[in-house]
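>>> Need a 3D model of the following:
(2 chains)
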Number of protein chains: 2
Amino acid sequence: MKRVSAEEYVNRIEALRKEMITAGTQFYYVPGGDFHMSEYVCDHFKSREFLSGFDGSNGEMIISAEGAWLWTDGRYFIQAEDQLKGTGIELMKMGEPGVPRISEFLKEHMEKGLTLGFDGRCVSGGAFDRLKKALGEKEIVYKTDIDLVGNIWQDRPALPDGKAWLLENRYTNLTRAEKLSLVRAEMEKENCDVLVIASLDDIAWLYQFRGSDIDFNPVTLSYTVIKQNEAVLYMSPEKASDVKDALEKDGVTVRDYEDIFDDLKGLDERLTVWTDRERINVKVLDSIPGNARRILKWSPTFTLKGVKTETEVEQERSAHITDGAALTKIICYLKGLHGSDDLAEGRVTELDIASKLLGYRKEAEDFLEESFAPIIAAGPHGAIIHYEPDETTNASLRDNDLVLMDTGGQYLRGTTDVTRTVCIGEPTEKMKRLYTAVLKGNIALSSAVFKKGTSGRRLDILARKPLWEMGYDYNHGTGHGVGFLLNVHEGPQNISSGPSKMGDTPFEPGMITSDEPGVYLEGEFGIRTENMIVCIPKETTEYGDFYGFEVLTLVPFDRDLIDTDMLTEEEIGIIDEYHHTVYEELCIFMDENERKWLAETTRPLIDF
Amino acid sequence: MKRVSAEEYVNRIEALRKEMITAGTQFYYVPGGDFHMSEYVCDHFKSREFLSGFDGSNGEMIISAEGAWLWTDGRYFIQAEDQLKGTGIELMKMGEPGVPRISEFLKEHMEKGLTLGFDGRCVSGGAFDRLKKALGEKEIVYKTDIDLVGNIWQDRPALPDGKAWLLENRYTNLTRAEKLSLVRAEMEKENCDVLVIASLDDIAWLYQFRGSDIDFNPVTLSYTVIKQNEAVLYMSPEKASDVKDALEKDGVTVRDYEDIFDDLKGLDERLTVWTDRERINVKVLDSIPGNARRILKWSPTFTLKGVKTETEVEQERSAHITDGAALTKIICYLKGLHGSDDLAEGRVTELDIASKLLGYRKEAEDFLEESFAPIIAAGPHGAIIHYEPDETTNASLRDNDLVLMDTGGQYLRGTTDVTRTVCIGEPTEKMKRLYTAVLKGNIALSSAVFKKGTSGRRLDILARKPLWEMGYDYNHGTGHGVGFLLNVHEGPQNISSGPSKMGDTPFEPGMITSDEPGVYLEGEFGIRTENMIVCIPKETTEYGDFYGFEVLTLVPFDRDLIDTDMLTEEEIGIIDEYHHTVYEELCIFMDENERKWLAETTRPLIDF
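Have a look, this model is predicted:
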């Protein structure tokens, strides 16, 4: 979205306040989501950015007559402070001491009996439940059907109109009919009559189609309602035109996107309905008859799609060779810049690298798009955890500086997400020490053997341990699930430190997760090393089943940044073996110069 | 308790069934606890052992006209199978596939509207809540005031009559008055008017007395009720006679043990009452007026007592030197048995070692008693996780076998709990490999550096990792909190793998925990290495506060069992440094022969 002047944002908030008066609401809540609780949203839903100018991926606002407040998390504190300058909007740093959550804030600021308004299509049932609980004693009146930002947003982008397309079964080897059977079997276990799903990636996974409604996420705006003898996909007819026939063959009816509300209202009250209130909006939930018995759990699609089929894993292995070659070429190019005039004269920028890398990725025939906005962060920008270069921030690369590159691609063969940090030239001792600590954590996690039933929350410490021993830490999770040609962030598992249902989900063979410890020194540099890893069975003994990981990502680590004195023999062996595989798999994609460099950079760490 | 013949246990269950008919209950539940939900109970409360002959520390029974069932956990499967032979009682192996919990079992076996009876003084409110919830649809009638085992138990031991005695403040440096202030401050935070505590160690901690009512746990049967301006200790007058005056000086009234029920019934209904339903029995809870607002959380004493004062830690350090000397002497004696006639002719038994070790411990002036029943387990007995030798099982030690010794003492200076496994003679390669893996886990945990907020559940993997890598595991927690001259098992923290509130309690400096990975090969041997560790601050950086552990236990590891090829340089350094400290602290307690051996066994692992 085009940035405007700070005054313009002030004007927009003033205009919103007038709408609030007309609507009779003293407080207005602007959530960050779309109708489907998607992590990334298309431009139509960027109300918060329209109002504030802050374009991080996580942010919510509250507006009253007295003020405007924006909440975001640690990844975006620096960026938000910058983008909110002059707008009069107060930044609320989530998780910092003394900073209330939105619900706590409202409890403190709203008088008894006042009204809180929001667009209920953009708020999950779970979020609304928590809000109501927190404000329980305040007797708040909720207006959940007012889209006031929509009223003042004159050139608001329309909903996207991309068509859904079928994903061939050879990429998954699990047909739509088989998936529907698996889902219905789970419904039967729960005595469930009706399953309602609004998560776009769940729906795309289940019906084996993909789309283009949201940047980076190949999904299509839709809902679905499934019974034992019926399945309805709610998607606008134009979007559905290329997939309708195939779906109908598997007994899936296609109806218009907005029809779900009336259809749900017509449900028999005696039925048992399964919804994941965290992933369905308030308007959909309010359409379900009030007396219907509810099952409130993760949708079965959420857990089923997290475990990849053998074919999907095989496809991902192949995609990672292609993807690894592209990134390896960029690293070779970057390393070659050391001492060059281009560098000295500031002619190579972060956006140049992003564009060059995209070019390499595009060489693959089945490349569709990037899997998220590329992070190419030079020097101090590396310390901004989710920094994305744009025209206003774009920096030139400097010699002897670190460049952190967190990027990924969507291929028909799957989704990639990889981070490498490289030094152009001579790193400092501090850079080496910290890079090596991060690398030690990365390989401690990927080489772990663990008992069936172990969740990511218990594995997390393996990645943090080397940093903790030096008094460092990183303010983000260690790993997230990755979709198969779907969202780069998905459940049901993750690797993180805080208590969470995903962190407590046991690993199962076939789950694909990222492994991405890092360290961030504000004003200096950032380091992150990220591989995608797939859970595999290791051994079964009388003590149980033991699992481990296979590393999918194939891109060399920066040997100039490795302090071998900090590594054990075992760690050196793991890195050498990995580098050997990287060379074997990637060398055919390299030109002569690149191949020479790759051989050199992947040779054993210690020369004898 | 004296074991009787299997037929006699059959008779006792038949007698109980007659009582059940008279009482009008079709099912009868025999819980394992006392009136205070203590882990160890005095003989008066051993109803389950009286009925079944099974004397493990964990076991509960259900009796109906059709059968009798006993539930116990993995530590006791082998022992229970043995002890229940011929009694007709069916063993229910908790946690095994297909084995229902008691509540699930009752749900399956009880017809709608039947009656379940039990002695409500021996069941916690929390356990009863869960039972009622699980059986919700069954419309069960509960008779919670019938002690049917009491009716048939003719020579039942009386309640113990030991006197409470005052613990001098120099051992804790936190007075009764200060503790009461801390507790009342916590009450105020929660807007709590009345705090009811039934946990014996909490009460002993708070009022700074100790007792002798339960073997190994120096506590006294009592309850307490605390308000802002009043505190009442409920304890029989004879028991309280030596502590009454001191308590009254600090504003604590002493009333008779049974008076709590009427006093609670007389509480004003408008008061807010704080109870930990997991640690208070049904009869006490039922005495609190039904309309009183409840706070259902751990009692503040439960969390406060877990963080030891600096003085307590200092005392524990001293106690561990004394205690370590006793165990080190035994190890020296055991190692010297190799090749002896005594050993060859089976003249040295597990009970001999237990008795000899107790003799050494008794040499300390302030030694009171053992902190739990000593586990001296030779050869295959080591694989029975909580094996305790008695006359019927007592085995002779054999040359070239492992001996696992898990023992501890109660000193005025604190509680100890230590496990060492030693080989008399020549270990096999398998013994060495597994001993070294256990040791690696033990020191990985004790040398961990972790960020403030980290709980034991996240640290647990450090201790298991080396075993998991070899396909082994242990079926128990990695560590438990240890009291200060109190229960050897206490909260609020622990180090364990499953989800639990204690496993999720963040470590705080001053918490004392055990570190005890192990491995158990049924029919072969068992290995466990246990140190007590105290959480200490390590470093504060801009990334946060980092904590670690200091090892309190001072007893050498068995160097004959260490395979140095499996250790990193860092691990060797940690062991060498530990052994150096062990020698320095203990040598003055050794006779000439012992000192020579200790010097030899604690020298650096690798000779240059």
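
>>> Name the residues of chain A found near chain B, please.
Neighbours of chain B within chain A, by C-beta under 8 Å from any C-beta of the partner chain: A:448-451, A:454, A:457-462, A:464-465, A:468-469, A:471-473, A:497, A:499, A:504, A:539, A:541, A:543-544, A:546, A:568-570. To be clear about C-beta, it is placed using only N, CA and C from the backbone, and glycine gets the same treatment.

>>> quick one: contacts for residue A:291?
Going by C-beta atoms under 8 Å, 6 or more residues apart in numbering or on different chains, residue A:291 touches residue A:269.

>>> any idea how far it lies from residue A:265?
According to C-beta to C-beta, to the nearest Å, residue A:291 and residue A:265 sit 13 Å apart.

>>> joint contacts of these two?
Here residue A:291 and residue A:265 have no joint contacts, going by C-beta under 8 Å, 6+ apart.

>>> what's the burial count for residue A:256?
Residue A:256 has 11 neighbours, counted by other C-beta atoms under 10 Å in any protein chain shown.

>>> In this model residue A:234 seems to touch it, though I could be wrong.
Yes - using C-beta atoms under 8 Å, residue A:256 is in contact with residue A:234, at 6.8 Å.

>>> Which neighbours do these two have in common?
Common neighbours of residue A:256 and residue A:234 (C-beta under 8 Å, 6+ apart) do not exist.

>>> Count the neighbours of residue A:185 for me.
Residue A:185: 10 surrounding residues under other C-beta under 10 Å.

>>> Let me see the contact set for residue A:321.
A:554, A:585-586, A:589.

>>> for the longest strand along chain A, the distance to its chain's centre please.
In chain A, taking DSSP state E as the definition, the longest strand is strand A:531-541. Relative to its parent chain, strand A:531-541 has a centroid offset of 23 Å by C-alpha atoms, centre = their mean, to the nearest Å.

>>> Okay, buried residues for the following helix or strand past that strand please.
As assigned by DSSP states H and E, the chain's next helix or strand after strand A:531-541 is strand A:544-551. By 16 or more other C-beta atoms under 10 Å in any protein chain shown, the buried positions in strand A:544-551 come out as A:544, A:546-549, A:551.

>>> what about the spatially most central residue of chain A, distance to residue A:11?
The centre of chain A sits closest to residue A:489, judged by C-alpha atoms, centre = their mean, with a distance of 3.3 Å. Distance, residue A:489 to residue A:11, by C-beta to C-beta: 35 Å.

>>> what does residue A:103 give?
As judged by C-beta to C-beta, residue A:103 and residue A:11 stand 29 Å apart.

>>> ok now do residue A:358, which residues does it touch?
Neighbouring residues of residue A:358 by C-beta under 8 Å, 6+ apart: A:370, A:374.

>>> Then the one 3 residues further on?
Residue A:361 makes contact with A:323, A:326, A:367, A:370, A:409 under the criterion C-beta under 8 Å, 6+ apart.

>>> What confidence value was assigned to the residue of the stretch 251-400 of chain A found nearest chain B?
Residue nearest to chain B within the stretch 251-400 of chain A: residue A:383 (12.3 Å; C-beta to the nearest C-beta). Reported pLDDT at residue A:383 in the predicted model: 95.

>>> swap in the one 3 residues further on?
Residue A:386 carries a pLDDT value of 78.

>>> Equivalent analysis for residue A:42, please.
pLDDT, read off for residue A:42, is 89.

>>> can you check residue A:78 too?
We have a pLDDT of 85 for residue A:78.

>>> pretty sure it contacts residue A:386?
No - if you go by C-beta under 8 Å, residue A:78 and residue A:386 don't touch, sitting 10.2 Å apart.

>>> In chain A, where is pLDDT below threshold?
Residues of chain A that meet the criterion pLDDT under 70 lie in A:608.

>>> can I see the domain layout of it?
Chain A breaks down into these domains under automatic domain parsing: A:6-152, A:165-304, A:310-596.

>>> distance between the ends of the longest one?
Same thing as domain A:310-596. 34 Å (C-alpha to C-alpha, to the nearest Å).

>>> Give me the nearest residue to the closest residue to chain B within the stretch 501-608 of chain A, chain neighbours excluded.
Proximity of the stretch 501-608 of chain A to chain B (C-beta to the nearest C-beta) peaks at residue A:541, 3.9 Å away. Spatially, and ignoring its direct neighbours in sequence, residue A:541 is nearest to residue B:471 (3.9 Å; C-beta to C-beta, 6 or more residues apart in numbering or on different chains).

>>> contacting residues around that neighbour?
Contacts for residue B:471 (C-beta under 8 Å, 6+ apart) come out as A:539, A:541, A:543, A:546.

>>> Kindly indicate which of those lies nearest residue B:160.
Closest approach to residue B:160 among these (C-beta to C-beta): residue A:543, at 41.4 Å.

>>> got a list of what the closest one touches?
By C-beta under 8 Å, 6+ apart, the neighbours of residue A:543 are A:451, B:471-473.

>>> Among these, which one has the most neighbours?
Within these, most neighbours by other C-beta under 10 Å means residue B:472, with 25 neighbours.

>>> How about the secondary structure of that residue?
The three-state label given to residue B:472 by DSSP: H, G, I helix; E, B strand; the rest coil is coil.

>>> quick one: it from residue B:528, how far?
In this view, residue B:472 and residue B:528 are 13 Å apart by C-beta to C-beta.

>>> Then residue A:532?
Noted for residue A:532: a distance of 38 Å to residue B:528, by C-beta to C-beta.

>>> Name the residue in these two with the higher neighbour count.
Neighbour totals were compared for residue A:532 and residue B:528, and residue A:532 leads with 29 against 24 (other C-beta under 10 Å).

>>> Name the helix or strand for residue A:116, please.
strand A:115-117.

>>> got the CA coordinates for the helix or strand that that strand is followed by in PDB?
On the C-terminal side of strand A:115-117, the closest following helix or strand by DSSP H and E is helix A:125-134. C-alpha atoms of helix A:125-134 as PDB (Å, rounded to 0.1, in the frame of the first residue of the first chain):
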ATOM      1  CA  GLY A 125     -14.500 -16.500  17.800                       C
ATOM      2  CA  GLY A 126     -11.700 -17.300  20.200                       C
ATOM      3  CA  ALA A 127     -10.400 -13.700  20.300                       C
ATOM      4  CA  PHE A 128     -13.900 -12.400  20.900                       C
ATOM      5  CA  ASP A 129     -14.500 -15.000  23.700                       C
ATOM      6  CA  ARG A 130     -11.400 -13.800  25.500                       C
ATOM      7  CA  LEU A 131     -12.300 -10.200  25.100                       C
ATOM      8  CA  LYS A 132     -15.800 -10.800  26.500                       C
ATOM      9  CA  LYS A 133     -14.400 -12.700  29.400                       C
ATOM     10  CA  ALA A 134     -11.800 -10.000  30.200                       C
END
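
>>> Please name every helix or strand in contact with helix A:125-134.
Applying 3 or more C-beta pairs under 8 Å, 6 or more residues apart in numbering or on different chains; DSSP states H and E, we find helix A:125-134 packed against helix A:102-109, helix A:282-287.

>>> Now do the first one: distance to the chain's middle.
The one in question is helix A:102-109. Centre to centre, stretch against its chain (C-alpha atoms, centre = their mean), the figure for helix A:102-109 is 28 Å.

>>> List the contacts of that helix.
With C-beta under 8 Å, 6+ apart, helix A:102-109 has contacts from A:27, A:29, A:60, A:62, A:64, A:69, A:71, A:92, A:100, A:116, A:130-131, A:134-135, A:138, A:140.

>>> Next, the buried residues of it.
So, applying 16+ other C-beta under 10 Å, buried residues of helix A:102-109: A:102, A:105-107, A:109.

>>> next one: stretch A:167-174
If you call a residue buried by 16+ other C-beta under 10 Å, then stretch A:167-174 has these buried ones: A:167, A:171-172, A:174.
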